[in-house]
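Engineer: sharing a sequence plus its predicted fold:
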Amino acid sequence: LQAGGLIYVWHVHRKYEPARNWAIGSVLIAAGILSVASRGELPSSWAIITGNILLYADLLTFNSGIVQACAGKVPWRAGAVLLCAAALAQIYFTIWIPSLSARIVILTIVIVLSKVHTAACALRVERGPLRGTQLLIAGLLILEVVTAVIRAVANVQIGATSVLESNTPQSLFILSYVATGFLLAVALAILTSQRTNVLLGEAMQLHTRSEASLGAALKHMA
């Protein structure tokens, strides 16, 4: 649902790069979740590795779009290094030394690093029409970080054996991601609309000033 909504936002704002990254990131997370859930239908190691790498790629792509929309600088090089390191660690703890706890910790580290940086960019906003929406986005990202950390700590402590294991922290994590995923899609669509209105307002002001300057010049000439 999130991917469908943000693909439409990208369709409407085709030249807006953040919208493209949101759409691609949403597709990646949908594919990653489907891959992880396909264990049993596909070889487990393949499903786990592919699914988690897609989730890492989603986190970096989706959040880079938010950073761009908030006029921040995307650390592409650091993101690529983080993605490669997480992917290699994921393969290691899936094939050589299988460990669900280690894989959860790796995913949580990527979530924390990417979303804290993104939330910080969203919080650096001056007063204006975008402030409320960016603060909402930052709050949703921080909520995802908190629930991810709680889930990681709890699963490591209880020694969870399946990522789909039913327990309170796991349920809280899934519920928060479902809710924040929907709310983020709405907030990003609103942010894009607000930014478009701001740009139109600035263009109208510039046009009005140009007309006033031209009128003054013609009057002076006359």
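Structural biologist: Received, thanks. Everything numeric here is computed off the predicted structure, so don't read it as measured data.
Engineer: mind listing what's buried along stretch 134-154?
Structural biologist: The neighbour-count criterion (16 or more other CB atoms under 10 Å) identifies 134, 136-145, 147-152, 154 as the buried residues of stretch 134-154. Where C-beta positions appear, they are placed from N, C-alpha and C, glycine not excepted.
Engineer: ok, now stretch 76-87?
Structural biologist: Judged by neighbour count (16+ other CB under 10 Å), stretch 76-87 contains these buried residues: Gly79, Leu82, Leu83, Ala86, Ala87.
Engineer: can you list contacts of that stretch?
Structural biologist: For stretch 76-87, contacts defined as CB atoms under 8 Å, 6 or more residues apart in numbering pick out Asn52, Ile53, Tyr56, Ala57, Leu60, Ser64, Ile106, Leu107, Ile109, Val110, Leu113, Ser114.
Engineer: off-centre distance for it?
Structural biologist: For stretch 76-87, the distance between its averaged C-alpha position and the chain's averaged C-alpha position is 16 Å (CA atoms, centre = their mean, to the nearest Å).
Engineer: can I have the buried ones of the contacts of stretch 76-87 as a PyMOL selection?
Structural biologist: A single PyMOL command is used to select the members of the contacts of stretch 76-87 judged buried by 16+ other CB under 10 Å:
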select buried, resi 52+53+56+57+60+64+106+107+109+110+113+114
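Engineer: from the contacts of stretch 76-87, which is closest to Gly128?
Structural biologist: Relative to Gly128, the closest of those is Ser64; by CB to CB it sits at 22.8 Å.
Engineer: so that closest one, which of the three states?
Structural biologist: Taken by DSSP: H, G, I helix; E, B strand; the rest coil, the conformation at Ser64 corresponds to helix.
Engineer: model confidence for it, exactly?
Structural biologist: pLDDT for Ser64: 95.
Engineer: distance of it relative to Ala122?
Structural biologist: Here Ser64 is placed at a distance of 13 Å from Ala122 (CB to CB, to the nearest Å).
Engineer: so where's this protein uncertain?
Structural biologist: Confidence mapping of the chain against pLDDT under 70 gives the ranges 160-166, 201-222.
Engineer: tell me where it has helices.
Structural biologist: Taking DSSP state H to define them, one finds helices in the chain at 2-12, 17-37, 44-69, 76-91, 100-123, 131-158, 168-221.
Engineer: give me the residues contacting stretch 92-109.
Structural biologist: For stretch 92-109, contacts defined as CB under 8 Å, 6+ apart pick out 45, 48-49, 52, 55-56, 86, 89-90, 148-149, 151-152, 155-156, 159-163.
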